[in-house]
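Novice: Mind folding the following:
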Amino acid sequence: MDGFEFSVAVSLLYVEIKGTVLRRVFSQIVNNFWSEWELRLMVLLSLVLHFLLIHFGKKRKKYTGALVPLIAICAWIIYLSADWMATLVLSTLLRGSVGLEKGLVVFWTPFLLWHLGGPYNITAYSLEDNELWLRHFLGMFFQIGEAIYISVRFQSDTELNSMAVPLFIAGVLKYFERTWALRCASPKQLMKSFYVTESSKSPIDSSCDGDEKNTMIRTGLYDLSRMKRFIEDPIITDEVKFLRLVHSAFDVFKPLLTDRPFQISEEFHEEWVYLKRYSMNAAEAFNFVKIELEFLYDLLFTKNPLHHQHYICNLALRLICFSSAFSALIAFSALYYKFQDHTVDFVVTYVLLFSAVFLESSSFHMYIRSKWTLMWHANRKNKLKRLYLWFAEKKLRSIKSKKGLRRMAQHDLLGYYLKAKTSQITRALKSIDFINLLQRFWYSDWKDVDIELKEFIYDYLKNMRTELSKEQFSPKHVEKMLGEKGDAILERKGFDPIVNDDWKMESTDFTRRIFIWHIATSLVYYDDLSKHRMCSCGSISKIGKSLSDYMMYLVLVRPTMLPKGFSDMVNDETYNQTQRIPLQLKPKQTAMMEFMEILWLQPSDAMLVLLPEVKFGALLEGVKFAKKLQGLITERWDHEEKWKMISDIWMEMMVYGASRCTWEEHAQQLRHGSELLTHVALIMAHLGLSTQVHKQEKTDDTKLI
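Specialist: Okay, here's the model as predicted:
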């Protein structure tokens, strides 16, 4: 059941049972009070929900931190409740007497259509809402029909009837605008937007064997000369040029959303797609893809692209809505003397009118400050645009100077297990938390993504691109390189798991591999920390630990972003094993130090005695790998080189996860402030490290267009 069906069903249920419940459960006083105040309170609540939806629409786009689950839940509840409350008020009006003057009923009804039209910064909660745009379209006709019927039924001879007409027209237009935005962001319409003409499509690749999902498509949108003029325009500043470059790249990579391969011309692929064209450093590259993802978020979840694609229509709509609300406010103020006996209704009406004027002013203010408007209109073409450029100059500088993704999630598995071991409260909560919600969200931390981590990731990906360039650059080579899960790094260091059984894992499950390497990384990290070796490792040990904790967070909290595995089973199995290991909590010794002392013993002496029924598992394999890693320290190896290998292994696994995560799933996660994995996946696409982006040899898009 989607949002509209839910709203209608609950509204009808409420209207049907309301009278019976009030008569049988509550006193006559409560019954009379609710009958008198019901509509007033519901109209105000609908307005409050509209404001809350604007707030949480902004919050969920940018916020990254411990409150992500709470913000997501609040946004979802408010998104459903806002539509439901407006629908409920219309259904209540439709059913009969409401205890209000008929003129006010007609005057308040258009505001409900305004609320159903939704704010500018959130049209859809998830991608599924865009797919169901047709239901919203049919629902729009249903709601508008209700509003027309109510207006006819409660019409009167007062001035309020004529004052409601422009408000009603504006409300219908706003509702239609939201539905049209949902349609434009639906998968089918997005797919159509990737083509110009049928002749621009490329024939099906011979390797696809007719499989529709593997059909080779071309966008046919990229006129190089036109795009060069757009980006290299002499009347724009460097900051606007940067925004236009980002938007052009966003336009190129929109077909990624189809999760199918697509081709672009060789010239465009080599000269304009790669980040290396402008010799960006890590901070600039991460800021570049962050703004690209903001454009993508706007495309899928807001009205912004619609506003700027048809900016004349948008400005006309903003003018109609603002002028209708403002003129109604002035006209209603002139009728004050007629409402001296209805002070409450007068106040409610004033609140609705002032709120409508404020919201439209705020919407226009956000429009002129949005990246879309800055990109197109902040230039030196004429006096008006030069004035606008001066007005937006500070914001443009701040956009270009940002460092990209700010925070990333972390989950220290051993830390949580020890918390459950030493805390009775945690253990009690675990016993009733059958789906590990507390472990996933309550015990996950957040940390800043520092510049050292960004540089490490970016340098690693550029080195991959360099390695690929040395070989024959083809989809098969790309796919082989992206298919490594950490073993390629071991092989390069001389520890080939195929030859050396000591480095071979018992399972090929990717999520189980993450558990094993995470346990090994944590044990090595805490061992080095307790023995004061960190000063000899530099920042690379923190990078390896951060990547390890982040990948574990993805396994537990965002499992849909990784290949399917047995993460819940491995998590429960490892948890049960750690809880059976006795800890005495000796003086001057932390629980982690004692835990490590026990795990560091030889399996024949301790582990198999403590866990006799376990022959292998993520915990035992993790301990084995940790010992192997610490055993690498010889005259030839030092701790920094060890951590460099660990960090490279985690990067190889992150690249594998990023390449296997569908772009639909990447797009879904934009609702939660976006993930580091999504930023990595987009940088990979820019560097040609993607099986979806293909180079069309000896073909130019401009000729096909």
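
Novice: next structured bit after the longest helix that the chain contains?
Specialist: Criterion DSSP state H: the longest helix present in the chain is helix 28-62. As assigned by DSSP states H and E, the chain's next helix or strand after helix 28-62 is helix 68-95.

Novice: Packing partners of that next one?
Specialist: Counting contacts by 3 or more Cβ pairs under 8 Å, 6 or more residues apart in numbering; DSSP states H and E, helix 68-95 packs against helix 3-25, helix 28-62, helix 102-117, helix 133-153. Backbone N, C-alpha and C define where each C-beta goes, glycine included.

Novice: so where's the stretch 601-705 of the chain uncertain?
Specialist: Along the stretch 601-705 of the chain, segments meeting pLDDT under 70 span 601-616, 635-636, 696-705.

Novice: So which residues of it form strands?
Specialist: 693-696 (DSSP state E, counting those that start in this stretch).

Novice: Same check on the stretch 151-300 of the chain?
Specialist: Ranges of strands within the stretch 151-300 of the chain are 217-218, 262-265, based on DSSP E, counting those that start in this stretch.

Novice: Name the residues of the longest helix of the chain that are buried.
Specialist: The neighbour-count check on helix 28-62 (16 or more other Cβ atoms under 10 Å) flags 38-40, 42-47, 49-50, 52-54, 56-57, 59-61 as buried.

Novice: Check stretch 662-676 too.
Specialist: 663, 665-676.

Novice: Of those residues, which is the nearest to residue 547?
Specialist: Set against residue 547, the nearest of those by Cβ to Cβ is residue 676 (9.1 Å).

Novice: if we can go back for a sec, list the helices and strands the longest helix of the chain packs on?
Specialist: Looks like helix 28-62 contacts helix 3-25, helix 68-95, helix 102-117, helix 282-301, helix 343-369 (3+ Cβ pairs under 8 Å, 6+ apart).

Novice: Give the rounded mean pLDDT of it.
Specialist: Averaged across helix 28-62, the pLDDT comes to 84.

Novice: ditto for stretch 136-155
Specialist: Mean pLDDT, stretch 136-155: 90.

Novice: who's in contact with it?
Specialist: Residues outside stretch 136-155 that contact it (Cβ atoms under 8 Å, 6 or more residues apart in numbering) are 4, 8, 86-87, 90-91, 93-94, 102-103, 105-106, 109-110, 112-113, 116, 129, 161, 164, 168, 171-172, 175-176, 178-179, 182-183.

Novice: Would you write out the PyMOL command that picks the buried residues out of those residues?
Specialist: Of those, the buried ones can be selected in PyMOL as follows, counting by 16+ other Cβ under 10 Å:
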select buried, resi 4+8+86+87+90+91+93+94+102+103+105+106+109+110+112+113+116+129+161+164+168+171+172+175+176+178+179+182+183
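
Novice: before we move on, the earlier item: among the strands of the stretch 151-300 of the chain, which gets the worst mean confidence?
Specialist: Of all those, the minimum mean pLDDT falls on strand 217-218 (a mean of 54).

Novice: Could I get the full set of helices for the stretch 451-600 of the chain?
Specialist: Using DSSP state H, counting those that start in this stretch, the helices found in the stretch 451-600 of the chain span residues 451-470, 475-482, 487-492, 510-530, 540-557, 567-579, 591-599.
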